[in-house]
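A.B. asks: Sequence first, predicted coordinates after that:
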Amino acid sequence: MPSLGRKRASDTVLSGVVLSDTLSILDERAQLTLGVRKQNISADNYSIVTGAKTTTYDQSKLTPVVGLVIKPVQNVAVYGNYIEGLQQGTIVGNSYANAGEALAPFMSKQIEAGVKIDSGVISTTVSVFQITQAAGIANAATNTFTSSGEQRNRGLELNVVGEPMRGVRLLGGVLLLDADLTETANGQFNGKTAPGAARTNLTIGAEWDTPFVPGLTLTSRVIHTGKQYVDAANTQTLKSWATVDLGARYTLRGPGGNPMILRASLRNVFGENYWMTYPGAGTLNRSEGRTVLLSATMGF
């Protein structure tokens, strides 16, 4: 009887080295970080049907890192950064004729600017960014998934974290994303929204250290993801979805007085059913059902 195990698609080695330095003036109210990274991606790719090696590549790049932080007042920081990175290409999903193919590495470029305000109780960060990367596009006529053109992600992000009351911690974030396809073959999909990139993403979480059971913390989280396009032509969509997670962790002293943390969580409390996809993946994934997770961590 043939093995039901999944055959390997790729053997990949990622390596790199970073050299950077930070210069500061005005009692560290202005800081400039300059750096350079050398990244290398080496991969041998295999057919998931026969196991035979199909392609191989070994690429390396020198990429810059630049960051600037200015603190006009003690609790406010204005920052900006620019970074480039060599990214591994997507491994094509099983539903395509070229299943298992590892697409070529690509360069991503990110520009970000933002403001962080820390009141001591609540910390708020607002930022805008642009990230460009290779676009993965499915060809319905040939049933193949290839890298074609560029995906340009522009967004606005708001994050809030803090402890407004003793023992109550809040964490929340909103991401508004505009992900466009550019430089596609013959301009066929230029201006279309990239598949798997929801325009609205929201996460809200909370923790409560219970006063009636010392060491017990109750947790909760709500995640909302807006509708997404499935295809580059933007003719098919996935509906928006939202899930609720609940959990608890209990900290106690284990053997020898070392801390032990017991965790329990219930994901997707209401059993929400939905489909999702990811940018550049070209595959559909069904939602995770109602799931219970238990774990324990012990210090030595």
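C.D. replies: Yep, that arrived. Numbers count the residues shown, from 1 in each chain.
A.B. asks: what's residue 246 in contact with, if anything?
C.D. replies: The contact partners of residue 246, by Cβ atoms under 8 Å, 6 or more residues apart in numbering, come to 218-220, 265-266, 269. In short, each C-beta sits where N, CA and C put it, glycine included.
A.B. asks: Also residue 296?
C.D. replies: Applying Cβ under 8 Å, 6+ apart, we find residue 296 in contact with 260-263.
A.B. asks: burial measure for residue 298, as a count.
C.D. replies: By other Cβ atoms under 10 Å, 12 other residues sit near residue 298.
A.B. asks: Any idea what it is bridged to?
C.D. replies: Beta bridges link residue 298 to residue 260, judged by DSSP bridges.
A.B. asks: related to what we said a few turns ago, show me which of the contacts of residue 246 is closest to residue 77.
C.D. replies: residue 219 (28.6 Å; Cβ to Cβ).
A.B. asks: quick one: residue 153 from residue 221, how far?
C.D. replies: Computed as Cβ to Cβ, to the nearest Å, the residue 153 to residue 221 distance reads 24 Å.
A.B. asks: okay, now the domains of the chain?
C.D. replies: The domain map for the chain lists 1-110, 119-300, with the assignment taken from automatic domain parsing.
A.B. asks: By mean pLDDT, show me the worst of these.
C.D. replies: Per-stretch mean pLDDT for the domains of the chain is lowest at domain 1-110 (a mean of 82).
A.B. asks: now that domain, how far from the chain's geometric center?
C.D. replies: Relative to its chain's centre, domain 1-110 lies at 13 Å (Cα atoms, centre = their mean, to the nearest Å).
A.B. asks: related to what we said a few turns ago, quickly name whichever of the contacts of residue 246 is closest to residue 118.
C.D. replies: Relative to residue 118, and with distances defined as Cβ to Cβ, the nearest of the contacts of residue 246 is residue 219, at 23.2 Å.
A.B. asks: May I ask you to confirm that that closest one is in contact with residue 250?
C.D. replies: No - using Cβ atoms under 8 Å, residue 219 is not in contact with residue 250, being 11.6 Å away.
A.B. asks: And the contacts of the helix or strand harbouring residue 85?
C.D. replies: Assigned by DSSP states H and E, residue 85 belongs to strand 76-87. Strand 76-87 is contacted by residues 37, 39-41, 59-61, 63-72, 105-118, 133-134 when judged by Cβ under 8 Å, 6+ apart.
A.B. asks: other SSEs contacting the following helix or strand past it?
C.D. replies: Next helix or strand after strand 76-87 toward the C-terminus (DSSP H and E): strand 106-118. If you count contacts as 3 or more Cβ pairs under 8 Å, 6 or more residues apart in numbering; DSSP states H and E, strand 106-118 packs onto strand 76-87, strand 122-139.
A.B. asks: Tell me which of those is the most buried.
C.D. replies: Most buried of the helices and strands packed on strand 106-118, by mean neighbour count (mean count of other Cβ atoms under 10 Å): strand 122-139, with a mean of 18.
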